[in-house]
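Enquirer: Sequence plus predicted model, see below.
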Amino acid sequence: MILTALSALAEPTRLAAMRILQDGDEHCVCDLMRRLEATQSRMSRHMQVLKHAGLVVDRRDAQWVRYRIRPDLPPPLRALLAAALVDEVMA
């Protein structure tokens with residue numbers, strides 16, 4: 001579980017997506033694509049990796065899929081995510 005999450009967060013685009021999602025809202029793939037300058041297929045693949053790692057959940061909304069950080073993250077994943085999302089200036 002932890003190794004899968006670490007691997008998922010090690011990729012810069014996925015880490016940037018998690019930084020966007022940390023606001024607690026749902027974000028559609030279209031929003032993530034625009035903000036991260038990624039294609040739809042690339043963004044969808046990245047989000048599937050994060051979902052497989054247990055870090056995000058999704059919800060279909062018409063033609064879009066909306067993602068948010070998994071609300072029931074186990075404590076070890078919650079701590080890992082908090083550490084990964086610490087502002088780089090503080091690190």
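Expert: Everything's here; your move.
Enquirer: Please name the bridge partners of H27.
Expert: Y67 (DSSP bridges).
Enquirer: V65 is in contact with that one, correct?
Expert: No: here H27 does not reach V65: they are 10.0 Å apart, not a contact under Cβ atoms under 8 Å. For glycine as for every other residue, the C-beta is placed from the backbone atoms N, C-alpha and C.
Enquirer: Quick check: end-to-end length of stretch 48-57?
Expert: This stretch, stretch 48-57, spans 9 Å end to end (Cα to Cα, to the nearest Å).
Enquirer: what's the neighbour count on P75?
Expert: Using other Cβ atoms under 10 Å, the number of residues around P75 comes to 7.
Enquirer: And the average pLDDT for stretch 6-15 is what?
Expert: Across stretch 6-15, pLDDT averages out at 96.
Enquirer: what about that stretch, distance to the chain center?
Expert: 8 Å (Cα atoms, centre = their mean, to the nearest Å).
Enquirer: List the buried residues for that stretch?
Expert: With burial defined by 16 or more other Cβ atoms under 10 Å, the residues of stretch 6-15 counted as buried are 8-9, 13-14.
Enquirer: Same question for stretch 36-54.
Expert: Of all the residues in stretch 36-54, those buried under the rule 16+ other Cβ under 10 Å are 36, 38, 43-44, 46-47, 49-51, 53-54.
Enquirer: Stretch 22-32 now?
Expert: Quick answer for stretch 22-32 (16+ other Cβ under 10 Å): 26-29, 31-32.
Enquirer: and R42, what does it touch?
Expert: Going by Cβ atoms under 8 Å, 6 or more residues apart in numbering, R42 touches T13.
Enquirer: if you set the cut-off to 10 Å instead, what comes out?
Expert: 13, 33, 36 (Cβ atoms under 10 Å, 6 or more residues apart in numbering).
Enquirer: need the residues you listed in a markdown table with distance to A83 and secondary structure, can you?
Expert: Shown next, in a markdown table, are those (distance: Cβ to Cβ, whole Å; DSSP: H, G, I helix; E, B strand; the rest coil):
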| residue | distance to A83 | secondary structure |
| --- | --- | --- |
| T13 | 19 | helix |
| M33 | 27 | helix |
| L36 | 21 | helix |
